[in-house]
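> after the sequence you'll find the predicted model.
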Amino acid sequence: MPHVSIEYFPRDLSDAEKQSLAHEITASLQKYLGASEQSISIAMQEVAPADWKKQVYDPKIKAHLDTLVKKPGYEY
């Protein structure tokens with residue numbers, strides 16, 4: 001039952017582009033985790049740059065640096 005949550009700076013992504021991204025992520029989860037398509041959920045949330053540190057970096061990145069498989073190349 002993988003769930004992927006993606007927070008990102010606002011972009012002008014069309015619904016088709018979001019679906020394409022979700023399709024590619026789904027395919028990777030199926031390949032590497034053996035997950036069925038029906039078990040996968042994906043959320044996408046735009047976060048304003050001014051809110052990134054408070055909403056994303058501090059609680060979801062900085063607080064979990066020891067468990068991140070891919071760490072960011074920046075710090076706040």
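Received it, and whenever you're ready, just let me know what you need. Residues are numbered from 1 along each chain as shown.

> next up, the contacts around Lys54.
Applying C-beta atoms under 8 Å, 6 or more residues apart in numbering, one finds that Lys54 lies in contact with no residue. For the C-beta atoms, the positions are set from N, CA and C on the backbone; glycine is no exception.

> and the lengthiest helix in the chain, which residues are buried?
Within the chain, and with DSSP state H defining each element, the longest helix by residue count is helix 15-33. Of the residues in helix 15-33, those buried by neighbour count under the rule 16 or more other C-beta atoms under 10 Å are Ala22, Ile25, Thr26, Leu29.

> distance of the first one from His64?
In other words, Ala22. Using C-beta to C-beta, to the nearest Å, one gets 23 Å for the distance from Ala22 to His64.

> just the last one next, same as before
The spacing between Leu29 and His64, counted by C-beta to C-beta, is 20 Å.

> what pairs with Val8 across the strands?
You called it Val, but residue 8 is Tyr. Going by DSSP bridges, Tyr8 is paired in beta bridges with Glu46.

> per-residue confidence for it?
The predicted structure scores Tyr8 at 98 on the pLDDT scale.

> and the residue nearest to Tyr76 when sequence neighbours are not counted, how far is that from Phe9?
Leaving aside its chain neighbours, Tyr76 sits nearest to Lys53 (4.8 Å; criterion: C-beta to C-beta, 6 or more residues apart in numbering). Going from Lys53 to Phe9 by C-beta to C-beta gives 12 Å.

> next: Gly34.
Counting by C-beta to C-beta - Gly34 and Phe9 are separated by 32 Å.

> Pro49: neighbouring residues, count only.
The local packing of Pro49 (other C-beta atoms under 10 Å) involves 8 other residues.

> on that earlier part again, now, among the buried residues of helix 15-33, which is nearest to Ala48?
Ala22 (22.4 Å; C-beta to C-beta).

> which residues are in contact with that closest one?
Applying C-beta under 8 Å, 6+ apart, the residues near Ala22 are Ile42, Met44.

> what about it, distance to Ile40?
For Ala22 relative to Ile40 (C-beta to C-beta), the value is 9 Å.

> same question, His3
When distances are taken as C-beta to C-beta, His3 and Ile40 turn out to be 8 Å apart.
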